[in-house]
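Peer 1: sequence below, structure please.
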Amino acid sequence: MIPSSVIAAVTAAALVASPSGAAETLRYRIQQQIDQVVDLTAMGQAEQVLSAVYDVFLTIEVTDSAGGRAVKATVDSVIPGPGADNPALAGVINAFKDLHGAGFVDAEGEAEGFVDADSTRGPQLRGLVDGLFPKVKAGTKAGDNWSDTVSTTDTVPTGITTRNSVTNHVATAGEGGGLRISSTSAYSLSGTVQGDLPIEGKGNSTAEVHVAPGGWLLSGKSEDQSDLLVAPPGAGVIPIANQVSGTITLLQ
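Peer 2: Presented below is the predicted three-dimensional model:
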């Protein structure tokens, strides 16, 4: 499963203030919607269609630190929704259960550390935290626009994937001194999945997020679409189409 996007909605305006010294505790509900079509024509089989929803409840503690923020993250629970009992999704959901760890988010939103007690699941935890601290350059103000070119490699029990992306951002004024940021991204992905099966493909995503002065995400929306190709030995090429969206609610 490729990395999924996260989107947000907020219910507590009082949390707009940034932390100063004492830890700020924030609790989120992250809902993921996944729609996938796997074309097994090359193997003489019909298409496989997956449509599922699940919720991840996550608590983070944020404390100001030199050059950024110290962050502790704990997944409180994972709640499967319609379609989430599909065996193809079971591994994704199980990967989030009981995740916990600590790390650092720098002034521009780059997450470091967050290695779970089961170190193979570190990328999942870091990915959740990454989605809650959008990457915003220090000093960014309404009217600014910029581009990021990023290459990331993640190792998980099912394989290794590298993602190269180019993202364009536009900032406008948000509520409570925050910023609203609209982003569009195009990316390529390559590596191995499910026991060293080669995978490659490309995708694009859009996002609109509201970022508090403290650096964490308040509200927004995003969509991610990708077209991938998996090449099992001697079985031809298998196209996989993915559509991922979600919501993040900041809970009181």
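Peer 1: please, which helix or strand holds residue 190?
Peer 2: Taking DSSP states H and E as the criterion, the element that holds residue 190 is strand 179-193.
Peer 1: nearest residue to residue 56 in space, please, no chain neighbours.
Peer 2: On the basis of CB to CB, 6 or more residues apart in numbering, the spatially nearest residue to residue 56 that is not a chain neighbour turns out to be residue 30, at 4.4 Å. The way it works is simple: take the backbone N, C-alpha and C, and place the C-beta from them, glycine included.
Peer 1: got it, and residue 74?
Peer 2: Spatial nearest neighbour of residue 74, chain neighbours left out: residue 100 (4.3 Å); criterion: CB to CB, 6+ apart.
Peer 1: residue 95 too?
Peer 2: Leaving out its chain neighbours, the residue that sits closest to residue 95 by CB to CB, 6+ apart is residue 124, at 5.0 Å.
Peer 1: helix or strand for that neighbour, just tell me which one.
Peer 2: Counting by DSSP H and E, the element that carries residue 124 is helix 122-132.
Peer 1: name the next helix or strand following that helix along the chain.
Peer 2: strand 145-156.
Peer 1: any idea of the mean pLDDT for the strand ranked longest in the chain?
Peer 2: The single longest strand within the chain, with elements called by DSSP state E, is strand 48-65. Per-residue pLDDT values across strand 48-65 average out to 91.
Peer 1: tell me the angle of it relative to helix 122-132?
Peer 2: Here strand 48-65 runs at an angle of 70 degrees relative to helix 122-132 (axes from the mean of the first three to the mean of the last three CA atoms, to 10 degrees).
Peer 1: buried stuff in strand 48-65?
Peer 2: For strand 48-65, the neighbour count (16 or more other CB atoms under 10 Å) marks 50, 52-58, 60-62, 64 as buried.
Peer 1: rewinding a little: extract the C-alpha trace of the helix or strand following the strand holding residue 190 and format it as CSV.
Peer 2: From strand 179-193 onward toward the C-terminus, using DSSP H and E, the following helix or strand is strand 197-211. Extracted in CSV, the C-alpha atoms of strand 197-211 (Å, rounded to 0.1, in the frame of the first residue of the first chain):
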residue,chain,number,x,y,z
LEU,A,197,8.0,-7.8,-6.0
PRO,A,198,9.2,-4.9,-8.1
ILE,A,199,6.8,-1.9,-8.1
GLU,A,200,6.9,1.5,-9.9
GLY,A,201,4.4,4.2,-10.8
LYS,A,202,3.4,7.8,-10.5
GLY,A,203,0.7,9.8,-8.8
ASN,A,204,-0.5,13.3,-7.9
SER,A,205,-2.2,14.8,-4.9
THR,A,206,-3.9,18.1,-3.8
ALA,A,207,-4.3,19.5,-0.3
GLU,A,208,-5.7,22.5,1.6
VAL,A,209,-4.6,22.8,5.2
HIS,A,210,-5.0,25.3,8.0
VAL,A,211,-1.8,25.5,10.2
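Peer 1: how about strand 197-211: buried residues?
Peer 2: Buried residues in strand 197-211, counted by 16+ other CB under 10 Å: 197, 199, 201, 203, 205, 207-211.
Peer 1: contacts for stretch 230-242 next, please.
Peer 2: The contact list for stretch 230-242 (CB atoms under 8 Å, 6 or more residues apart in numbering) reads 1-2, 34-40, 42-43, 193-194, 197-199, 201, 203, 224-229.
Peer 1: hmm, 7 Å instead?
Peer 2: 2, 36-40, 42-43, 193, 197-199, 225-229 (CB atoms under 7 Å, 6 or more residues apart in numbering).
Peer 1: buried subset of those residues?
Peer 2: Burial by neighbour count, judged by 16+ other CB under 10 Å, picks out 2, 36, 38-39, 193, 197, 199, 225-226, 228 from these.
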